[in-house]
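Novice: Requesting a structural model of the entry that follows:
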Amino acid sequence: MNSRICLNMILRESDPAVVERCIRSALPVINSWAIVDTGCTPEVYDKLIELLQHLPGRIQQREWVDFSTARNQALSLAREMDAESRAVDFLLLLDADEELVLEPGASTAPRLWPGAGTHDCYWVKLHHRGLGGVSHMHRKVIRASKPWFWTGVVHEALDCAEPYTEATLPGWSVVGRFDSARNQQTDAEKYSHDAELLLRAVAQDPTDSRSVYYLAKSLEWAGRPEEALKWYHLRRELGGYWEERWDSLYRIATIHANAGRRQEAISACLDAYQEWPRAEPLHTLARMFRMSDQYKVALLFAAAAVACPRPENANLWVEDDVYQWKAKDEFAVASYWAGDLEQGLRACLEVLATPDLPLDAHERADQNRLAFMRKIERAQAT
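Specialist: Below you'll find the model as predicted:
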């Protein structure tokens with residue numbers, strides 16, 4: 001291995017099996033480690049030593065304050081190690097319930113990365129197993145010598161005190177399993193607690209656009225979408241990071257659609273598509289019109305959604321399942337009811353051929369396939 005990559009993470013109340021899965025996934029790419037412990041059990045500590053004792057590293061115990069504080073302490077620990085040994089080029093940032101995945105042929109040698117390893121930050125795709133078919137990009141590999149720091153009490157963000165260069169790291173991805181101790185709570189409990197923390201942060205600084213955004217997200221994830229609407233609208237007004245502003249508009253559309261506020265949902269979906277032509281708002285429109293038995297209109301939006309490529313320049317939330325199979329599924333169902341059986345059956349078969357299609361979606365699509373075939377046979381018999 002040609003890399004000098006240090007695993008940098010925090011631990012608190014983590015399950016030994018969860019931590020072991022994370023560490024084992026990182027072992028092929030790291031040659032040192034710097035971990036801050038804010039409350040892990042002796043079992044977790046013993047597991048860490050067992051897995052990492054063959055590599056230089058350090059674990060430091062600290063009192064829990066909040067996520068940014070703990071993560072900044074972990075960064076400081078890694079910098080101390082680098083100052084002593086000059087043996088760290090990059091930091092690999094992982095959470096205990098995350099798993100690093102390397103595609104065949106993915107390089108662990110920075111000289112083979114984009115820019116020959118000269119960039120200061122490398123983005124990696126993070127797949128959220130706890131949020132369905134959703135992914136977004138994260139800064140997961142960063143140059144150790146840069147003055148990085150974390151901000152935010154929860155849903156914290158990584159920033160740098162000086163300019164930096166960045167690129168996407170091909171062949172690397174991270175899977176978020178959402179099975180740490182924090183995630184043993186219900187979504188309502190976990191995200192309501194997050195919302196309380198963020199509400200206090202917004203009260204201290206009403207212009208803190210990231211806290212406003214994640215306050216809205218936390219309320220929605222906690223099952224309180226009507227409360228989230230106010231904060232999504234405020235996030236739109238605050239300006240700044242355009243992907244947060246776009247996602248806020250799309251979430252406004254989705255909340256209105258789920259609540260049956262048809263005109264508000266249609267307007268917000270169209271505005272979202274106008275700002276950034278993506279499949280998600282078109283898929284929402286197709287589903288809405290199908291559910292109101294307007295099948296030809298639903299087919300129009302479903303066809304447009306199928307034609308949309310995945311936005312490769314997106315860093316925030318992308319509903320990958322919409323691009324992989326959900327838009328085609330809407331297209332197939334709308335085609336059935338609109339009377340275009342041949343194109344609908346083809347789309348249905350494409351859905352069934354989707355790799356890793358969820359079992360419930362596969363069963364439903366297979367029932368749709370049978371319905372198509374019966375209806376086609378009846379039409380041919382007349």
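
Novice: In the stretch 1-150 of the chain, mark out all the helices, start to finish.
Specialist: For the stretch 1-150 of the chain, the helices identified by DSSP state H, counting those that start in this stretch occupy 16-26, 42-52, 67-85, in order along the chain.

Novice: Mind listing what's buried along the second one?
Specialist: Neighbour counts over helix 42-52 (16 or more other C-beta atoms under 10 Å) mark 44-45, 47-48, 51-52 as buried. Yep, even glycine has a C-beta here, placed from its N, CA and C like the rest.

Novice: Could you do stretch 141-157 as well?
Specialist: Neighbour-count burial for stretch 141-157 flags 141-144, 146, 148, 150, 152-156 (criterion: 16+ other C-beta under 10 Å).

Novice: From the residues you listed, which land in strands?
Specialist: Within the buried residues of stretch 141-157, membership in strands is found for 141-143, 148, 150, as judged by DSSP state E.

Novice: Pick the one among those closest to residue 325.
Specialist: The shortest separation between residue 325 and any of those is 30.6 Å, and it belongs to residue 141 (by C-beta to C-beta).

Novice: check contacts around residue 287.
Specialist: Neighbouring residues of residue 287 by C-beta atoms under 8 Å, 6 or more residues apart in numbering: 257, 298, 330.

Novice: Distance of it relative to residue 128?
Specialist: Noted for residue 287: a distance of 21 Å to residue 128, by C-beta to C-beta, to the nearest Å.

Novice: returning to what we had before: Serialize the ones in strands among the buried residues of stretch 141-157 to CSV and add fields for pLDDT and distance to residue 323.
Specialist: Shown next, in CSV, are those (pLDDT from 0 to 100; distance: C-beta to C-beta, whole Å):
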residue, pLDDT, distance to residue 323
141, 97, 26
142, 97, 29
143, 96, 32
148, 98, 32
150, 97, 31
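
Novice: before we move on, the earlier item: pipe the buried residues of stretch 141-157 into a markdown table and attach distance to residue 124 per row.
Specialist: Shown next, in a markdown table, are those (distance: C-beta to C-beta, whole Å):
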| residue | distance to residue 124 |
| --- | --- |
| 141 | 7 |
| 142 | 11 |
| 143 | 15 |
| 144 | 17 |
| 146 | 17 |
| 148 | 15 |
| 150 | 17 |
| 152 | 20 |
| 153 | 24 |
| 154 | 21 |
| 155 | 18 |
| 156 | 17 |
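
Novice: give me the low-pLDDT residue ranges for the chain?
Specialist: Judged against pLDDT under 70, the low-scoring parts of the chain cover residues 1-3, 130-132, 181, 183.

Novice: Nearest residue to the middle of it?
Specialist: residue 135 (3.6 Å; C-alpha atoms, centre = their mean).

Novice: For residue 318, see how far away that residue is.
Specialist: For residue 135, the distance to residue 318 (C-beta to C-beta) stands at 6 Å.

Novice: And residue 162, by the same measure?
Specialist: Here residue 162 is placed at a distance of 30 Å from residue 318 (C-beta to C-beta).

Novice: one step back: from the ones in strands among the buried residues of stretch 141-157, pick the one nearest residue 360.
Specialist: Each of those was checked against residue 360 using C-beta to C-beta; the closest is residue 141, at 35.8 Å.

Novice: isn't the closest one right next to residue 122, touching?
Specialist: Yes: using C-beta atoms under 8 Å, residue 141 is in contact with residue 122, at 4.1 Å.

Novice: Now do the shared contacts for those two.
Specialist: With the criterion set as C-beta under 8 Å, 6+ apart, the overlap between the contacts of residue 141 and residue 122 is 90, 169, 172.

Novice: Now the residue nearest to the centre of the chain: closest residue in space, sequence neighbours ignored.
Specialist: Nearest residue to residue 135, sequence neighbours excluded (C-beta to C-beta, 6 or more residues apart in numbering): residue 127, at 4.8 Å.

Novice: Bridge partners for that neighbour, pull those for me.
Specialist: According to DSSP bridges, residue 135, residue 175 are recorded as the beta-bridge partners of residue 127.
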